[in-house]
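Q: Dropping a prediction and its sequence here:
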Amino acid sequence: MTNDKLRDIIYKKLQITELDENIERLTQEQMKFIVHDINLSCFIEACPGSGKTEVVGIKSAYELIDWGNNFVGLAIVSFSKNASKEIENRVKKYAGTNAASHPHFIGTFDSFLYKYVLCPFFHGIVGFKGKNGDCSPRAIIDEKSDADFLENTKYKPKTRYAVQNPNRSSSIPYIGIPITANRFYYDIIKNDFIVLPTKDAKNFITLQDILKRPEQIAYHQQFSWLTYRTIRKSFVNAKKAFWEDGFLTFRDFELIVYLIIKKNIELRKTFTQRFPYLIIDECQDLSPIQLVIIDLLGYAHATYS
């Protein structure tokens with residue numbers, strides 16, 4: 001199909017009668033992406049700054065301008081509020097103000113999962129009893145936070161991160177820095193806890209790598225009861241206590257969403273019935289666990305850019 005034919009199809013569908021600079025500068029690949037049958041998955045690859053978000057916005061408008069279902073919608077997600085806003089503005093410009101509203105969703109991937117999965121099901125899977133009748137999460141805590149409430153013993157695993165004792169005259173060569181529940185998360189891909197050793201640390205490391213450190217081995221010699229099984233279980237219990245009180249980190253958020261979806265087949269069916277079509281902007285930003293979540297949801301109709 002020629003460029004002129006593709007451009008004519010887009011103009012006609014969007015009911016545009018005058019030349020539009022945004023449509024005029026579309027490449028053939030971008031136009032093919034826009035007119036591609038939404039019932040068939042597709043992917044457009046392009047370098048940064050090539051206008052992928054703008055194209056997603058026009059593609060979304062192309063699909064939404066004559067949407068005829070008031071109960072089933074299109075989910076259009078990106079990874080920043082600015083990109084989501086740009087897509088929404090394109091939809092409103094080309095398909096009308098109402099096209100960007102219910103039953104559709106336009107926003108970040110995190111806010112999509114937060115609204116439709118985490119909030120409704122968080123309390124049921126983690127045992128949070130709610131606060132004043134509100135069972136949604138109380139707060140998402142930063143991984144480097146040192147808020148006073150995190151000093152609660154139940155939010156700390158039984159082991160500590162071993163460091164050289166600054167008191168060189170002491171007979172104890174190593175001391176332990178407490179690890180609070182916001183400074184670690186469970187990685188389903190690596191099948192291990194990933195830990196930020198101290199709030200000032202720059203990098204996360206696996207629990208297994210921590211336990212292999214010479215400093216950690218020497219430190220643990222003081223506590224013969226601290227077996228690997230005991231340590232791992234204490235990490236689980238500290239995180240559970242954190243969640244049960246309504247707290248989580250952004251990385252916990254993804255894990256809990258994964259657990260909710262994995263354990264609830266009916267939810268998966270209902271979710272994809274409510275949003276049978278998914279458009280993802282900047283899909284290279286998907287994390288491994290987000291890819292697993294999308295795979296679990298079983299999206300047969302996904303469009304990526």
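A: That came in fine, so what should we check first? Numbering: from 1, shown residues only.

Q: All the strands of the stretch 51-200 of the chain, residue numbers only.
A: For the stretch 51-200 of the chain, the strands defined by DSSP state E, counting those that start in this stretch occupy 74-78, 105-108, 139-140, 161-164, 174-177, 184-187, 192-195.

Q: name the helices or strands packed onto the second one?
A: Looking back up the chat, that one is strand 105-108. If you count contacts as 3 or more Cβ pairs under 8 Å, 6 or more residues apart in numbering; DSSP states H and E, strand 105-108 packs onto strand 74-78, helix 81-95. The C-beta positions use only the backbone N, C-alpha and C, and glycine is treated the same way.

Q: picking that back up, want to throw the strands of the stretch 51-200 of the chain into TSV with mean neighbour count and mean pLDDT?
A: Putting the strands of the stretch 51-200 of the chain into TSV (neighbours: other Cβ atoms under 10 Å; pLDDT from 0 to 100) gives the following:
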stretch	mean neighbour count	mean pLDDT
strand 74-78	25	95
strand 105-108	20	96
strand 139-140	14	96
strand 161-164	18	93
strand 174-177	16	91
strand 184-187	20	97
strand 192-195	19	98
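
Q: okay if I get those as a markdown table plus distance to Ile231?
A: Formatted as a markdown table, those follow (distance: least, Cβ to Cβ, whole Å):
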| stretch | distance to Ile231 |
| --- | --- |
| strand 74-78 | 38 |
| strand 105-108 | 36 |
| strand 139-140 | 26 |
| strand 161-164 | 12 |
| strand 174-177 | 12 |
| strand 184-187 | 12 |
| strand 192-195 | 9 |
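
Q: so how many other residues sit close to the closest residue to Ala83 other than its chain neighbours?
A: Here the nearest residue to Ala83 in space, its sequence neighbours aside, is Thr53; by Cβ to Cβ, 6 or more residues apart in numbering that works out to 4.9 Å. Residues near Thr53, counting by other Cβ atoms under 10 Å, number 19.

Q: May I ask you to confirm that Thr53 is in contact with Ile279?
A: No. With contact taken as Cβ atoms under 8 Å, Thr53 and Ile279 are classed as non-touching, separated by 11.1 Å.

Q: which neighbours do those two share?
A: Residues touching both Thr53 and Ile279 by Cβ atoms under 8 Å, 6 or more residues apart in numbering: Ser305.

Q: And Gly49, what's its pLDDT?
A: At Gly49, the pLDDT value in this model is 64.
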